[in-house]
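In: The sequence and its predicted three-dimensional model are supplied below.
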Amino acid sequence: MGTVTSTRHVTGRILRVAGPLVQAEHVGGTAMHDLVALGEEELPGEVVAIRDAVITIQAYEYTGGLAPGMPCRPLGRPLSAALGPGLLGGIFDGLLRPLRTAGAWLEPGAGGRSGRPGPTWAFTPRAAEGEQLAPGDVLGEIHDAGPVPLPVLVPPGCAGRVERIAAAGRLAADDDVATVAGTVVPLTTRWPVRTPRPVRERLRSTRALNTGQRVIDLLFPVALGSTVAVPGGFGTGKTVLLQQIAKWCDADVIVYVGCGERGNEMADVIEEFGALTDPRTGGRLADRTVIVANTSNMPMMAREASIHSGVTVAEYFRDMGLDVVVIADSTSRWAEALREFGSRTGALPAEEGYPAGLASAIAAFYERAGAVTTLGGRTGSVTVIGAVSPPGGDMAEPVTAHTQRFVRCLWTLDRELAYARHYPAVSWAESFSRDTEALDAHRAATDDPDTPARRARVAGLLAEADRLADLVDLLGITALPARERVSVLGGRLVREGVLQQSALSERDAYSGARKTAALAEAVLAVVARCHELADAGVPAAHIEEADFSPVLRAREEAGPHDAATVDTLRADMLARLGEVS
């Protein structure tokens, strides 16, 4: 399916307006999920129900001034995203209409039209007239639309002989690139945002998405093409963690969807992305990022569409053979939009007033993630990371509970860790990853066969320290045997020397795989030596009084990929323990 063209329909009349809910006459040819233009300003809306002679529409803009009797014109096509070279580095609203600046606001019915000529891009053809092409084959390339190469592909549903191909030169978004078997292929095509783009095959990914955050890469790794939920209450550091992942992860393209967050917070995100240096290219991080900004003060139902717009953009880049990460902050605000509209339509409410189809809607969103073989035979992936903002930190509320059923990784943010200034505040007791088995098998056969054992030892040490924490609170540390006191000490060393990480540190904001492994091995070796001393009869108080600063400061003294410095400090620490008696 490529370009979707509009058809002419008879204009109906608006019958009722209630906030974002509009009811109008049902005119011939109108189908579910079709777009309509409401009123003289042609506000966009989408058909969500048809009953007898009445259609129910969710409006995507503020409906103030819209009244019964005004025209309602069906457009004959579903809500679609414009997919082309102008996406990278852009800021868009929930309908993927460009916002020129971070503080921009679309005038009602403007649809992002500025009246000015759009940009042009340098196009080089890669196909020849008379050549037989299939969906996903390369027609040409765009060279100046961002730091990643952008091939122009034959759209899905189109195949056959190339009848015409554009010559090398500069093309505008609406210019035609080629004619394939009678189908004109423009540079910018449109795709329905609620329809997943087709692929040749879905794959089981064994490649990890390296985030540069030790607690994640060490304990709860995520595969390329997998799904993650990040639940956490207010102040637990969700936005900072997601920004760190966006900056440091090894994806080719980042799609950041600010869904219903506060306007000032979204403005800060946009400003920071514009100022950040891309560690991969040396340019601006924003140049390989697509930002979909739909804040809490923007139209509520455009928030519902923003999630689908963002993942459609990700699938577009995935079809080029790229690895894409979608960061949705937050899916709770998206679900609240569903709940508000459901209450206006009179839909039967389920838990806490959310619509009965909430679980299905969440599942449909996360199902669009995956590692795939594209129609053109390339390998690409879409990894979806969705923040969840449970009211009052209640992890049993419906959005959080349903989301946990459908994702493969859960990075739960702990309020107590955040209040203790331990960041990232990812709880090692309440988080999980279902990707570890596949990723460990791949790593064992390639670069790091010790990964599974290392993770198990670190997790075991943390679990033992947590088990003893209640006894320490009840009886005091001196009531424990020496070996168990060392386990409590070991848990502290893991937390402070490995898992804790500063987003503001030039040396430790990102941690490469070698540094992460070296830090974990250093702490494990130190704890093992402390256990040996305790078993040899050395008093636990003497062990606890040792200066552990070499192993604790290793994460700050070593650079992002510097395992050698960590090994040196590890040797220094073990030598000091040799003097404890």
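Out: Cool, the structure landed. Numbering: from 1, shown residues only.
In: switch to C-alpha atoms for all contacts and neighbour counts from now on
Out: Will do.
In: Show me the protein divided up by domain.
Out: Domains of the chain are assigned by automatic domain parsing as 12-78, 80-107+119-433, 451-577.
In: In TSV, list those along with distance to Arg443, mean pLDDT and mean neighbour count.
Out: As requested, the domains of the chain are arranged in TSV below (distance: least, CA to CA, whole Å; pLDDT from 0 to 100; neighbours: other CA atoms under 10 Å):
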stretch	distance to Arg443	mean pLDDT	mean neighbour count
domain 12-78	44	91	19
domain 80-107+119-433	9	90	20
domain 451-577	7	94	18
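In: To Asp440, which of those domains lies closest?
Out: Proximity to Asp440, assessed across the domains of the chain by CA to CA, is greatest for domain 451-577 (6.0 Å).
In: starting at the chain centroid, how far to the closest one?
Out: 32 Å (CA atoms, centre = their mean, to the nearest Å).
In: want to try CSV for the domains of the chain, with distance to Ala444 as columns?
Out: Formatted as CSV, the domains of the chain follow (distance: least, CA to CA, whole Å):
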stretch, distance to Ala444
domain 12-78, 47
domain 80-107+119-433, 11
domain 451-577, 7
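In: So for Leu439, which of those sits nearest?
Out: When those are compared by CA to CA, domain 80-107+119-433 sits nearest Leu439, at 5.1 Å.
In: Distance-wise, check Leu242 relative to Leu413.
Out: Counting by CA to CA, to the nearest Å, the separation of Leu242 from Leu413 is 12 Å.
In: How about Arg170?
Out: 48 Å.
In: my guess is Thr236 meets Ala425, correct?
Out: Yes - the pair Thr236 and Ala425 passes the contact test of CA atoms under 8 Å, sitting 6.6 Å apart.
In: Please enumerate the shared neighbours of those two.
Out: Common contacts of Thr236 and Ala425, defined by CA atoms under 8 Å, 6 or more residues apart in numbering, comprise 413-415, 418.
In: Would you mind naming the helix or strand containing Ala520?
Out: Ala520 is part of helix 513-535, with elements assigned from DSSP states H and E.
In: could you say what helices and strands that helix packs with?
Out: Applying 3 or more CA pairs under 8 Å, 6 or more residues apart in numbering; DSSP states H and E, we find helix 513-535 packed against helix 451-475, helix 482-494, helix 540-544, helix 549-552, helix 563-577.
In: need the ones you listed in JSON lines with distance to Ser205, can you?
Out: Listed next are the helices and strands packed on helix 513-535 as JSON lines, based on distance: least, CA to CA, whole Å:
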{"stretch": "helix 451-475", "distance to Ser205": "17"}
{"stretch": "helix 482-494", "distance to Ser205": "30"}
{"stretch": "helix 540-544", "distance to Ser205": "44"}
{"stretch": "helix 549-552", "distance to Ser205": "35"}
{"stretch": "helix 563-577", "distance to Ser205": "28"}
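In: Just want the most central residue of the chain.
Out: The centroid of the chain falls nearest to Ile327 when counting by CA atoms, centre = their mean (2.0 Å).
In: so what's Ser389 up against?
Out: Taking CA under 8 Å, 6+ apart as the contact definition, Ser389 lies against 231-234, 330-333.
In: Could you rerun that using 10 Å?
Out: 230-234, 238, 329-333, 395, 399-400 (CA atoms under 10 Å, 6 or more residues apart in numbering).
In: what's the closest of those to Asp175?
Out: Using CA to CA, Asp329 is the member of these that sits closest to Asp175, with 34.5 Å.
In: Report the beta-bridge partner residues of that closest one.
Out: Per DSSP bridges, the residues bridged to Asp329 are Gly258.
In: next one: Val230
Out: Bridge pairing for Val230 - DSSP bridges - gives Ala387.
In: For the helix or strand where the residue nearest to the centre of the chain lies, name the packing helices and strands.
Out: Using DSSP H and E, Ile327 maps to strand 323-329. Packing partners of strand 323-329 (3 or more CA pairs under 10 Å, 6 or more residues apart in numbering; DSSP states H and E): strand 227-231, helix 238-248, strand 253-259, strand 289-294, helix 300-318, strand 379-388.
In: what would the ones you listed look like in CSV with distance to Leu15?
Out: Listed next are the helices and strands packed on strand 323-329 as CSV, based on distance: least, CA to CA, whole Å:
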stretch, distance to Leu15
strand 227-231, 41
helix 238-248, 42
strand 253-259, 30
strand 289-294, 28
helix 300-318, 20
strand 379-388, 37
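In: quick one: which of those is nearest Ser433?
Out: Ranking those by proximity to Ser433 (CA to CA) places strand 227-231 first, at 8.7 Å.
In: could you check the angle helix 238-248 makes with the closest one?
Out: 150 degrees (axes from the mean of the first three to the mean of the last three CA atoms, to 10 degrees).
In: So what's the gap between strand 227-231 and the chain middle?
Out: The chain centroid and the centroid of strand 227-231 are separated by 9 Å under CA atoms, centre = their mean.
In: pull the CA atoms of it into CSV?
Out: The C-alpha trace of strand 227-231 is given here as CSV (Å, rounded to 0.1, in the frame of the first residue of the first chain):
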residue,chain,number,x,y,z
THR,A,227,9.5,-4.4,24.1
VAL,A,228,10.1,-2.7,27.4
ALA,A,229,7.9,-1.0,30.0
VAL,A,230,9.4,1.5,32.4
PRO,A,231,6.9,2.1,35.3
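In: Offset the numbering so it begins at 59, please.
Out: Taking 59 as the first residue, the last one we looked at is strand 285-289.
In: end-to-end on stretch 87-105?
Out: End residues of stretch 87-105 are separated by 12 Å (CA to CA).
In: can you give me the offset of it from its chain's centre?
Out: Relative to its chain's centre, stretch 87-105 lies at 30 Å (CA atoms, centre = their mean).
In: who are the neighbours in contact with Gly122?
Out: Contacts for Gly122 (CA under 10 Å, 6+ apart) come out as 75-78, 166.
In: rerun at 7 Å
Out: By CA atoms under 7 Å, 6 or more residues apart in numbering, no residues touch Gly122.
In: ditto for Ala429
Out: Counting by CA under 7 Å, 6+ apart, Ala429 touches 260-263, 282-283, 438-440.
In: with those in mind, which one is nearest to Tyr118?
Out: For the contacts of Ala429, the nearest to Tyr118 is Val440 (26.4 Å; CA to CA).
In: Is Ile108 in contact with His91, as I believe?
Out: No - at 10.1 Å, Ile108 does not count as touching His91 under the criterion of CA atoms under 7 Å.
In: Please enumerate the helices of the stretch 109-258 of the chain.
Out: Taking DSSP state H, counting those that start in this stretch as the criterion, the stretch 109-258 of the chain carries no helices.
In: quick one, strands of it?
Out: Secondary structure of the stretch 109-258 of the chain, counting by DSSP state E, counting those that start in this stretch: strands at 112-117, 129-136, 138-141, 149-150, 178-183, 190-191, 196-200, 208-211, 218-223, 227-230, 234-238, 241-244, 247-250.
In: ok, and what's touching stretch 327-335?
Out: Counting by CA under 7 Å, 6+ apart, 160, 341-344 sit against stretch 327-335.
In: And Gly411, how far from Ala363?
Out: 20 Å.
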